[in-house]
Every structure is written in C-alpha cells, then in structure tokens.
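Asker: predicted model and sequence below, questions to follow.
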Number of protein chains: 2
Amino acid sequence: MNKAVVLLSGGLDSATALALAVRHGFDCHALSVSYGQRHRAELEAATRVAAVLGASQHRVIVLSLPFFGGSALTDKSIQVPTDGAGIGIPNTYVPARNTIFLSLALAWAEVLGASAIFIGANAVDYSGYPDCRPEYLQAFEAMANLATRAAVEGHPIRIHAPLVSMTKAQIIHAGTEAGVDFGLTVSCYQADDDGSACGVCDACRIRRAGFVAAGIDDPTRYLQRV
Amino acid sequence: MNKAVVLLSGGLDSATALALAVRHGFDCHALSVSYGQRHRAELEAATRVAAVLGASQHRVIVLSLPFFGGSALTDKSIQVPTDGAGIGIPNTYVPARNTIFLSLALAWAEVLGASAIFIGANAVDYSGYPDCRPEYLQAFEAMANLATRAAVEGHPIRIHAPLVSMTKAQIIHAGTEAGVDFGLTVSCYQADDDGSACGVCDACRIRRAGFVAAGIDDPTRYLQRV
C-alpha cells in the first residue's frame, strides 16, 4: 500500500483531499501545522476529520509563523477583511505558507518512504494566493525531486492537488461522494472556540456560496449572514 | 540598500556566505533555525558571527526536526559516523532540511521586502547532500518565484549560493579575505558545549582538510585528531 502525507488544515478542501487520497488507496499520514493561526478550532477539526476519514495517523507540528508576521492570519494587529473580495491578493495571504507546509510534508514523506503528498490547494474559487496555482505546485514537485536522498535514489515524490481545477461546488460534491462530513470541518479565518464561523470573512463567503451552488445543505454554524 | 536574508548555521560556510553578502552591499538579516540539532554550540556561534560580521539583525526560529527524525543529526539514537566518508549519502543527511530552511527564509524575505536569500551550500567538498547542488538551488529559485505575492507583483527573489562551486580551501581563502574569524565558527556535528570539535566526524574532516589545503592555520579546537 503506497503511503501518502496529506496536509490537513481542518477546512473543507483538505478534508476532501484526504478523503480522495483514501479512496485512491493510499495509506494516509495526515500532517497539520500549528502555526499560530488565529484560533484552535481548525486544528481540532483536523483531528476529528483525520480520525473519521481513516488516516493511519495525524500529527501536528508546531512552527510559529507570527515570528515572521505579514498576514492577518499570523498577526492579530491586522484585521481579517469581512466586506467581501477586494482587488488583488488579500491580507490573509501568509508569506510562503504552502511552500513551508509542503517542505515539512516532504521531510515527513521521505522519512516514511511515502511516494505522494496531497494538498487541498484550489485555484478556482479561492482568494488568489499564488501558492495555490498549478504552475506553482508543478515547480514545487520539480524542486522536491532534486532535493531529497529518496528522489536521487530513484523514489520520486508526486504532489497531488486533486482539487486544483475544481469549483467549490465541485469540491463539495466530490467530498460528499467520498464520505466527508463537512459539519466536522472549519473554514472560517476567525472561528470562535467552539468552531462557529463568522460568516463574513472571505473563507466563509466562498464556502457558503459553494454549498449554494452545489445545492447541498450547508451544515456550518454562521454567527452572521451577509 | 537591498535587503538579503542569510541562512546562518554557525559553521564555516554560512559565515563566509554572510561575509560575502555584506561585501556585496546587502543589508543582511541573518536567520538561524533551532531545529533540534545535537548541540547548542552551533547556534551560539551563529549569534557571534552575525554580530561580528555586521548583520542588521539575527533571529533564531524554533522548529523541531526530531519530530520527523530520519537523521543522525536529529535522532540521538543514530550514531554520527566518525570513520571517514563511506559510499553514498551519509546518515547525517537531514530530510528536506535545506528546502525547509530556504522556505522559512523565503517567508521572512517576503515580509522584509528582501530581494535575495544567501545560503552557504557547497557541492564540491561536501557530504553529497542532494539539497546542496546547483540544480536543486535553481529549481528552488524557480519555485519561489511562483510562490509569493512579492514575486507575482514584480519583486522576484534571487537565491545566492556564492560557495556552491568552490573547494573548501577556496571558501577558507574567500572568507579570510572577507574578514571572517573562523575561530568563531563551529562545523562539528557533535561539538561539546564550549564549541570544541570532535575532530573525527565528516564535517570536522572536511574542515581540517580545507585548512590544510588552503595553507591557513586552523583555529579549531579538536578533541581528537585523525
């Protein structure tokens, strides 16, 4: 059984990526990063999701991205925008976040002898983060296959981003078919301690619109509605 | 004045890379990673080197690579080899280490508005680590320039590895000319608390041979000599 490291944030997309990896027959090792995000609800969601979807294990590595700052998600003095998508890349972009997360996944993949890394990146219904685009993910894979002892010894790694070209509605359909309980997931950038969503940040807006477009009931508890 | 993030381990190579970056007129921000290495002497050396060579600041981020293990440098149950270079990549290789370190440097570079990252990687007198080779570094730069908001907004990053094609003797000459006091640096994989070097690990062997080839007195305190 091929092993895969699955980056798991606790949100809708990465839960779906994990479910698809399990469906594809991978022995899945879920990795979350406690990076100083604004709330704990996301990591608690990741733990629930990993258990329910049948990951072999779920581990949480600690890395303080507030050390660098530069994002509303890692610097509490910067406000999360709540008035809908503006122009350009929003301040919720976290510098080099996916590069750091994929690098950590690469390290673990090499130690485990995994042949794949799954990431729930999406470049359709998203906030324009550059490190979610297919060309970025391809470049990461090319770099990774020059980086490790495993790769130079003939065991390359494949970066799987099965959601990258899907709409949010398609992701919700795919996740539902693969058995994801989206009620366990938290997408909100500023969820409260029990996982209730603000309803007005970009992540909430994209999520809600996705359920509407999919014609599937949205199980999320929103504190506000736009 | 252009800003650069300089990865600084406390060893001979990264000290030279910092000295060269300063000589090239960069405003240097030194970054070390407390990754669970076998000893603290290396990080203490980095602090001294950064101060003496004129870095604007030196910061140490904490990331536990023993979380993953898989290397003699991050798993104390694995012995550091002391009987000279064997065949293939030695067990002191740390999975994805340079990829992780460069990713952290990339995050900080974006927040600082830096245009360059310096790394003391060397692919001549080295242990065969794949993530020290020019083709790897080029692939990292290509990936990095698709990864960040800064890059997509027209501010690309350049990965500088000024030592990559030098022999150890050439590095020692370049560092000496650029004002590095190698007595402040620690290369040994298993230095003791006061920074004395074992003298028999690969890092010590490569270092000593470099000073001999350079015809420069080696200021290192070796506990054993081969």
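Answerer: Great, that's in hand.
Asker: and the closest residue to A:Thr148 other than its chain neighbours, how far from A:His155?
Answerer: By the measure of C-beta to C-beta, 6 or more residues apart in numbering or on different chains, the closest residue to A:Thr148 outside its immediate chain neighbours is A:Glu110, 4.9 Å from it. For every residue, glycine as well, the C-beta is placed using N, CA and C. To A:His155, A:Glu110 is 9 Å away according to C-beta to C-beta, to the nearest Å.
Asker: quick one on the thing from earlier: measure the residue nearest to A:Thr148 to B:Ser77 for me?
Answerer: Taken as C-beta to C-beta, the span from A:Glu110 to B:Ser77 is 18 Å.
Asker: between the two, who's got more neighbours?
Answerer: Set A:Glu110 next to B:Ser77 and count neighbours by other C-beta atoms under 10 Å in any protein chain shown: A:Glu110 wins out with 25 against 6.
Asker: just list the residues touching that one, thanks.
Answerer: A:Glu110 makes contacts with A:Thr148, A:Arg149, A:Ala150, A:Ile157, B:Gly70, B:Pro95, B:Ala96, as judged by C-beta atoms under 8 Å, 6 or more residues apart in numbering or on different chains.
Asker: what comes up buried for stretch A:190-207?
Answerer: Residues of stretch A:190-207 classed as buried: A:190-191, A:195, A:197-207 (neighbour count, 16 or more other C-beta atoms under 10 Å in any protein chain shown).
Asker: I meant stretch A:112-132, not that one.
Answerer: Buried, per 16+ other C-beta under 10 Å, within stretch A:112-132: A:112, A:114-123, A:125-132.
Asker: in strands, which of those residues appear?
Answerer: A:Ala116, A:Ile117, A:Phe118 (DSSP state E).
Asker: alpha carbons only: can I get the top helix by length along chain A in PDB?
Answerer: The single longest helix within chain A, with elements called by DSSP state H, is helix A:97-112. In PDB, the C-alpha atoms belonging to helix A:97-112 read as follows (Å, rounded to 0.1, in the frame of the first residue of the first chain):
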ATOM      1  CA  ARG A  97       2.900  29.300   3.800                       C
ATOM      2  CA  ASN A  98       2.300  26.500   1.300                       C
ATOM      3  CA  THR A  99       6.000  26.300   0.500                       C
ATOM      4  CA  ILE A 100       6.700  25.800   4.200                       C
ATOM      5  CA  PHE A 101       3.900  23.300   4.700                       C
ATOM      6  CA  LEU A 102       4.900  21.300   1.600                       C
ATOM      7  CA  SER A 103       8.500  21.300   2.700                       C
ATOM      8  CA  LEU A 104       7.500  19.900   6.100                       C
ATOM      9  CA  ALA A 105       5.400  17.300   4.300                       C
ATOM     10  CA  LEU A 106       8.400  16.500   2.100                       C
ATOM     11  CA  ALA A 107      10.600  15.800   5.100                       C
ATOM     12  CA  TRP A 108       8.000  13.500   6.600                       C
ATOM     13  CA  ALA A 109       7.300  11.800   3.300                       C
ATOM     14  CA  GLU A 110      11.000  11.000   2.900                       C
ATOM     15  CA  VAL A 111      11.200   9.500   6.500                       C
ATOM     16  CA  LEU A 112       8.000   7.500   6.000                       C
END
